[in-house]
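Student: Give the three-dimensional model of this entry:
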Amino acid sequence: MPKKRTSPFRLLTLALFALITASGCTGDKPNSPFDEELDYKTLEAKNSFSFDEIFNPQTIRVIDNTLFVVESDNPDVSFHVLTIDPDHQSLEYKQGSGRRGEGPGEFMGISDIVETDSLLYFYDGQQLKLTPYDKSTGQLAVRDDIHLRTNGRAVNFFSAGDDRFIGIGLFFGKRFNIMNMDGETVAEHGELIEFNEDFSRRDIALGWFSYGMVQQEEGNTNIYLFSRNADFIEKYDTGGQLLKRVQGEENPEPQMEIRNEWPVHTGSLSYVDVDSDGNHIYGLYSGLPGDEEHHGDMIHKFDRDLNLVDAYRLDNRFTKIAVDGNGNLITYSETDQGLDFHVYELY
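Tutor: Next up, the predicted model:
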């Protein structure tokens, strides 16, 4: 039987495809955050610090060369304030503030810190309220707390201009909420994709648990969602329009099952924390089984259009990160001696 011959047109098409593919894969920049062949830059901590005042940190944020460290389950201190010397990559303890309670200016569990032009707000995810903090005086502001009215619970909270807040996290039916300055929900957006027809709305929402960021760009506000349970990241505008989606092939959607009437993640964890320096977004990636490990050691650096521009591998695994806008990344870990904060130089 004669051999089948490939037409010259098909050969030309294959050659052009190979050329285009090769040209898209060359250069110093990685192409996909979920590519197993990523060329990670290995980083070691430049400096490490310990502070006797801090016992059980939960959330960390850098605002104006100040590191805010939220304390968990401490009745006397709700958060700590540390100053950053970016040139020497050093941290200095300044003060602790807040106390545990349900009254004005008291907290049951701070989940995030919201920066606005004039004030900071500490978002208490357990009480669903925002408590103002005066950046100039370093004290909780003498203003009423803002009590939130939502159909779920935000994990991350952000300001979107002078009159709106954006909450990202666990909501029934949508991925993020927009609220006014009175705490009332005025819009709900983000597709909550059904991945198991037997799951309730609560179970689907828990499956799509996401961390996120909000970025201002040329007068526009964009929302970025990084899934915890799937290789799945998205970019939306405030009107709810999906602008971009990046999805991995190996772990494209949450892998969940019901155990004792509760949805449990059985696949690999993706992003366990996210932060931004205003120009780039940094995702702390795990890639390990979710029922064994909640830490990550891989940093994916994205531009505002979710293009991966760099990838780093830290010398340890962590649960939280904060970037200072000066090329440094700050995190913390438990040691045999206690708790250490680490400063890494990204660029």
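
Student: three-state assignment of residue 205?
Tutor: Following DSSP: H, G, I helix; E, B strand; the rest coil, residue 205 is assigned to helix.

Student: and it, how many neighbours?
Tutor: 22 (other Cβ atoms under 10 Å). For the C-beta atoms, the positions are set from N, CA and C on the backbone; glycine is no exception.

Student: Enumerate every residue touching it.
Tutor: 152, 170, 171, 172, 173, 192 (Cβ atoms under 8 Å, 6 or more residues apart in numbering).

Student: That one and residue 171, how far apart?
Tutor: Distance from residue 205 to residue 171, counting by Cβ to Cβ, to the nearest Å: 6 Å.

Student: what is in contact with the two at once?
Tutor: Joint contacts of residue 205 and residue 171 (Cβ under 8 Å, 6+ apart) are residue 152.

Student: pLDDT below threshold where in this structure?
Tutor: Along the chain, segments meeting pLDDT under 70 span 1-31, 291-293.

Student: just the helices in it please.
Tutor: Along the chain, counting by DSSP state H, helices occupy 8-25, 201-207.

Student: List the residues that contact residue 268.
Tutor: For residue 268, the contact set (Cβ under 8 Å, 6+ apart) comprises 251, 286, 287, 288, 289, 290.

Student: Kindly recompute the last result at 6 Å.
Tutor: 251, 287, 289 (Cβ atoms under 6 Å, 6 or more residues apart in numbering).

Student: do residue 235 as well
Tutor: 222, 224, 243, 244, 306.

Student: And the residue lying closest to the fourth one once chain neighbours are set aside, how far from residue 214?
Tutor: Looking back up the chat, that one is residue 244. Leaving aside its sequence neighbours, residue 244 sits nearest to residue 235 (Cβ to Cβ, 6 or more residues apart in numbering; 4.4 Å). Distance from residue 235 to residue 214, counting by Cβ to Cβ: 11 Å.

Student: What is the burial count for residue 151?
Tutor: Per other Cβ under 10 Å, the neighbour tally for residue 151 reads 14.

Student: Compute the distance between it and residue 184, please.
Tutor: Taking Cβ to Cβ, one finds residue 151 at 12 Å from residue 184.

Student: From the centre of the chain outward, give me the first residue you hit.
Tutor: By Cα atoms, centre = their mean, the mean C-alpha position of the chain lies nearest to residue 274, the distance being 2.3 Å.

Student: give me the beta-bridge partners of that residue?
Tutor: Here residue 274 sits in beta bridges with residue 283, as judged by DSSP bridges.

Student: who touches it in this structure?
Tutor: 211, 213, 226, 283.

Student: okay, these in TSV with distance to residue 323 and neighbour count next?
Tutor: Formatted as TSV, the contacts of residue 274 follow (distance: Cβ to Cβ, whole Å; neighbours: other Cβ atoms under 10 Å):
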residue	distance to residue 323	neighbour count
211	14	22
213	11	22
226	15	29
283	11	25
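
Student: from these, which is closest to residue 133?
Tutor: Comparing these against residue 133 with Cβ to Cβ places residue 213 closest, at 20.5 Å.

Student: partner residues bridging the closest one?
Tutor: residue 224.

Student: go on, residue 41?
Tutor: Using DSSP bridges, the bridge partners assigned to residue 41 are residue 312.

Student: picking that back up, by neighbour count, which of the contacts of residue 268 wins?
Tutor: residue 251 leads the contacts of residue 268 on contacts (other Cβ under 10 Å) with 19 neighbours.

Student: isn't it right up against residue 231?
Tutor: Yes. Applying Cβ atoms under 6 Å as the test, residue 251 and residue 231 come out as touching, 4.5 Å apart.

Student: Pull up the gap between the closest residue to residue 269 other than its chain neighbours and residue 257, please.
Tutor: Spatial nearest neighbour of residue 269, chain neighbours left out: residue 286 (3.9 Å); criterion: Cβ to Cβ, 6+ apart. Distance of residue 286 to residue 257, given as Cβ to Cβ: 19 Å.

Student: Tell me which of the two has more neighbours.
Tutor: residue 286 (21 against 13).

Student: Contacts only, for the more buried one.
Tutor: 269, 272, 296.

Student: Could you report the separation of it from residue 156?
Tutor: 18 Å.

Student: Residue 41 too?
Tutor: Using Cβ to Cβ, residue 41 is found at 27 Å from residue 156.

Student: Strands of the stretch 101-250 of the chain, start to end?
Tutor: Listed in chain order, the strands of the stretch 101-250 of the chain (DSSP state E, counting those that start in this stretch) span 110-115, 119-124, 129-134, 139-140, 146-147, 152-159, 164-171, 174-180, 185-191, 210-217, 220-227, 232-237, 242-247.
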